[in-house]
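Asks: here's a sequence, model it:
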Amino acid sequence: MSGNYAHNMVSLWKSVILQAICDAGDIGVENTQANLSQFKKEKIVQEARDWFLKPNSDFEDVCTFAQMDERVVRAFAKRVIAKEKNAIKALHFWQKQKTWLKRKDYKDGYEVWPNDEN
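Replies: Residues are numbered from 1 along each chain as shown. The predicted structure follows:
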């Protein structure tokens, strides 16, 4: 893969991760799936949480395709699931600004995420 195609594929997989983080944090599930029963909504949230919290090769593959460190993604997802204020704030910022898809500075640790003042 090269050029725009490769960039678009990476952006697609980053979008998959972003949506899963939103689902795991129970952020906007009712907005994206307006006709869901409470049972189905809870099932979506739990499946997304399990995807981050339980070891599985699908999660690892998606992180590889998104060119993101799975440890960093998992740690951030845990912060969102725990309803950590700064993590939720960063998530909302990324959703609005689409900056998640533009980031290229992925390294180990939290330094790749926006600082807590954002």
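Asks: okay, and the residue most central in space within the chain sits in which element?
Replies: Against the mean C-alpha coordinate of the chain, by C-alpha atoms, centre = their mean, the closest residue is Leu18 at 2.9 Å. Per DSSP states H and E, Leu18 falls inside helix 3-24.
Asks: for Ile44, same thing?
Replies: Ile44 is part of helix 38-53, with elements assigned from DSSP H and E.
Asks: what does that helix contact?
Replies: 20-21, 23-24, 26, 29-30, 33, 36, 58-59, 73-74, 77-78, 81 (C-beta atoms under 8 Å, 6 or more residues apart in numbering). Where you see a C-beta, it was placed from the backbone N, CA and C, and this is true even at glycine.
Asks: 7 Å - rerun?
Replies: Ala20, Asp23, Ala24, Asp26, Val29, Glu30, Phe59, Arg74, Ala77, Lys78, Ile81 (C-beta atoms under 7 Å, 6 or more residues apart in numbering).
Asks: centre of the chain to it, how far?
Replies: From the chain centre to the centre of helix 38-53 is a distance of 14 Å (C-alpha atoms, centre = their mean, to the nearest Å).
Asks: any idea how far the spatially closest residue to Ala20 that is not a sequence neighbour lies from Gln19?
Replies: Distance criterion C-beta to C-beta, 6 or more residues apart in numbering; nearest residue to Ala20, sequence neighbours excluded, is Ala48 at 5.0 Å. Taking C-beta to C-beta, to the nearest Å as the measure, Ala48 and Gln19 are separated by 8 Å.
Asks: check Lys83 too.
Replies: 18 Å.
Asks: between these two, who's got more neighbours?
Replies: Gln19 (14 against 11; other C-beta atoms under 10 Å).
Asks: rewinding a little: how about the CA coordinates for the helix holding Ile44, as CSV?
Replies: Provided in CSV are the C-alpha atoms of helix 38-53 (Å, rounded to 0.1, in the frame of the first residue of the first chain):
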residue,chain,number,x,y,z
GLN,A,38,-31.9,-1.1,26.5
PHE,A,39,-30.8,-4.7,26.4
LYS,A,40,-29.1,-4.3,23.0
LYS,A,41,-27.5,-1.0,24.0
GLU,A,42,-26.0,-2.6,27.1
LYS,A,43,-24.8,-5.6,25.0
ILE,A,44,-23.0,-3.2,22.6
VAL,A,45,-21.3,-1.4,25.6
GLN,A,46,-20.3,-4.7,27.2
GLU,A,47,-18.9,-6.2,24.0
ALA,A,48,-16.8,-3.1,23.4
ARG,A,49,-15.5,-3.2,26.9
ASP,A,50,-14.6,-6.9,26.6
TRP,A,51,-12.8,-6.1,23.3
PHE,A,52,-10.5,-3.8,25.2
LEU,A,53,-10.3,-5.5,28.6
